[in-house]
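Visitor: Sequence first, predicted model second:
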Amino acid sequence: MPELPEVETVRRGLAPVLVGRRISGLDARRPDLRFPLPERFRERLVGQKVVRLDRRAKYLIAGLSGGEDLVMHLGMTGRFTVVHHGVAEQPGEYVHETGPDLAHDHVVLRLADGTKVIYNDPRRFGFMVMMPHASRPEHPLFRKLGAEPLSEELTAAYLARRAFGKKVNLKAFLMDQHVVAGLGNIYVSEALFQAGLSPNRAASTLANARGGPTEKARKLVHAIKSVLESAIEAGGSTLRDYRNANGKKGAFQQRFAVYDRAGKTCLKPNCGGTVRREVHSGRATFYCPRCQR
Ligand SMILES: [Zn+2]
């Protein structure tokens, strides 16, 4: 499943293709993805200019000149392919590779400059919805989303305020999209590892008796931003390599410090612990019981 860094990498790859361009055609090859495609999808898109391409949590949001937003979610296996002058490129690299399969090219956006942007999604957990830009923050998908992790909204004080008096553990607290938006299983494990905090620790320990942030909250905020930023940077460099490779895909080496390393030696210098895998609410958590307390 694409996590926030992959979605951000896709956004950065698509933005120069889409922003400032007019949509001249749309092929919707089936009526639905996870949900039905928007009503009058073609009429609402064709003729519109894309004025910006934003990301909120794991949603890509194309702002259109007519005032509507096209919101796109990649689900489990969604990808975009850009075809320009007969050359295909896929912005963003994924932890789990999905093969190209034309049968799953569900939506094709045609741009006035001849570029095609193809949405492919074998499992169809992705979706596209449209809504007026002005009312988007109140839309059920967005209304209750928590702080955007790479924005200034996410601070130690914010985490402490949300964690104050909470009974849940840190893993569940960080997985809650109403607290931090778009942070998934992989990067929660990575951030807790970097911060040296156990996923089983009570979230309430991020706050002091007055609800202010503890040192742990400060470390955690720094770790969340840092793991996401490095992952985006890695995606970005892979994208550049990919573009230089004459259409040949380079091997993508996503390196995790703790995720998926069960039974292996902890990578923290001088720790010597062994990474443990535990299942919380059906999702695997990886951590080092020696240096994560
Ligand atoms: Zn360790």
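Guide: Received it, and whenever you're ready, just let me know what you need.
Visitor: Please confirm that D54 is located within a strand.
Guide: Yes. Per DSSP: H, G, I helix; E, B strand; the rest coil, D54 lies within a strand segment.
Visitor: Run the chain-centre distance for stretch 270-285.
Guide: 22 Å (C-alpha atoms, centre = their mean, to the nearest Å).
Visitor: same thing with stretch 218-233?
Guide: The answer for stretch 218-233 is 14 Å, by C-alpha atoms, centre = their mean.
Visitor: likewise stretch 261-273?
Guide: Counting by C-alpha atoms, centre = their mean, stretch 261-273 is centred 27 Å from the centre of its parent chain.
Visitor: what's downstream of the longest helix belonging to the chain, the next helix or strand?
Guide: With secondary structure taken from DSSP state H, the chain has its longest helix at helix 215-243. Per DSSP states H and E, helix 215-243 leads on to strand 276-280 as the next helix or strand towards the C-terminus.
Visitor: Next, see if that following strand gets close to the ion.
Guide: No. Counting by C-beta under 5 Å from the ion, the ion is not contacted by strand 276-280; separation bottoms out at 10.1 Å. C-betas here are computed from N, CA, C, even on glycine.
Visitor: re earlier: give me the packing partners of the longest helix of the chain, helices and strands only.
Guide: Counting contacts by 3 or more C-beta pairs under 8 Å, 6 or more residues apart in numbering; DSSP states H and E, helix 215-243 packs against helix 4-18, helix 156-163, helix 185-195.
Visitor: what's the closest of these to the ion?
Guide: Evaluated with C-beta to the ion, these place helix 185-195 nearest to the ion, the distance being 7.8 Å.
Visitor: tell me the pLDDT at R243?
Guide: Predicted confidence (pLDDT) for R243: 34.
Visitor: one step back: just name the most buried of the helices and strands packed on helix 215-243.
Guide: Ranked by average neighbour count under the criterion mean count of other C-beta atoms under 10 Å, these are headed by helix 185-195 at a mean of 24.
Visitor: quick one: low-confidence ranges for this structure?
Guide: 92-101, 236-254 (pLDDT under 70).
Visitor: Close to the ion: what parts of it are there?
Guide: Near the ion, when you scan the chain using C-beta under 5 Å from the ion, you find 266, 268, 271, 273, 288, 290-291.
Visitor: nearest to E39, of those?
Guide: C288 (50.5 Å; C-beta to C-beta).
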